[in-house]
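K.L.:
Got a sequence here, can you model it:
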Amino acid sequence: MRFIPVLAAVAALTATPVLAAPKAAKTATAPAAAPAAGAPQMGETQQHALMYLRVFISALQSDKLEQPVKGALVGCIYNNSLSKLTDSVDKLIVDNPGKVSRDNPSQVLSAMLAVCGYQPEAAAGQAAPQSTAPAAPAAKSNAPATGR
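P.N.:
Numbers count the residues shown, from 1 in each chain. Below you'll find the predicted structure:
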């Protein structure tokens, strides 16, 4: 079963984050910068999309993930909008409380791969074609369309 090496590689991603944001220096005398009066605030869905995009980029830059995994991710994001992918991953996380956490990048990557329809057994043997369209993880199909 080739899924175990994928999970091991995903777990290794969390040990060495590729896109770790630089930590801002904090001073005791400098107050936190207030957002501009007319500046739009990022909503929760936008924050999730940004996090999923960071996980996606980290996965593509990793030398620990196999090419079929990277190909499935690229095909998925190429054929679907980021908002539809975000909605599908958010739904998977909500439908699986305690199993998938946004705080764990390896679990987020696994959720993204599940939503994208990646099947490691099919990729290993090429017995079944890979789907580039997100698939709903639950019995109901709420997958986004494969067009923009």
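
K.L.:
From now on I want contacts and neighbour counts done on CA atoms only, so please keep to that.
P.N.:
Fine.

K.L.:
Neighbours of residue 51, how many?
P.N.:
Applying other C-alpha atoms under 10 Å, we find 17 residues neighbouring residue 51.

K.L.:
Assign it to helix, strand or coil.
P.N.:
Three-state assignment for residue 51 (DSSP: H, G, I helix; E, B strand; the rest coil): helix.

K.L.:
what pLDDT does it get?
P.N.:
Confidence at residue 51, expressed as pLDDT, is 94.

K.L.:
so which strand or helix has residue 101?
P.N.:
Per DSSP states H and E, residue 101 falls between elements, in no helix or strand.

K.L.:
Phi, psi for it please.
P.N.:
phi -120, psi 140 (degrees, to the nearest 10).

K.L.:
mind checking pLDDT for it?
P.N.:
90.

K.L.:
quick one: what helix or strand has the closest residue in space to it that isn't next to it in sequence in it?
P.N.:
Distances taken as C-alpha to C-alpha, 6 or more residues apart in numbering place residue 107 nearest to residue 101, at 6.4 Å, with adjacent residues excluded. Residue 107 belongs to helix 105-116 when assigned by DSSP H and E.

K.L.:
Residue 59 too?
P.N.:
Per DSSP H and E: residue 59 is located in helix 44-61.

K.L.:
do the same with residue 103
P.N.:
Per DSSP H and E, there is no helix or strand for residue 103.

K.L.:
and the helix or strand just after the helix holding residue 59, what does it pack onto?
P.N.:
Following helix 44-61 in sequence order, the next helix or strand is helix 67-79 (DSSP H and E). For helix 67-79, the packing partners by 3 or more C-alpha pairs under 8 Å, 6 or more residues apart in numbering; DSSP states H and E come out as helix 44-61, helix 105-116.

K.L.:
Between helix 44-61 and helix 67-79, find me the angle.
P.N.:
Orientation of helix 67-79 against helix 44-61 (axes from the mean of the first three to the mean of the last three C-alpha atoms, to 10 degrees) gives an angle of 140 degrees.

K.L.:
what about the chain, any weak spots by pLDDT?
P.N.:
For the chain, applying pLDDT under 70 flags the ranges 1-40, 122-148.
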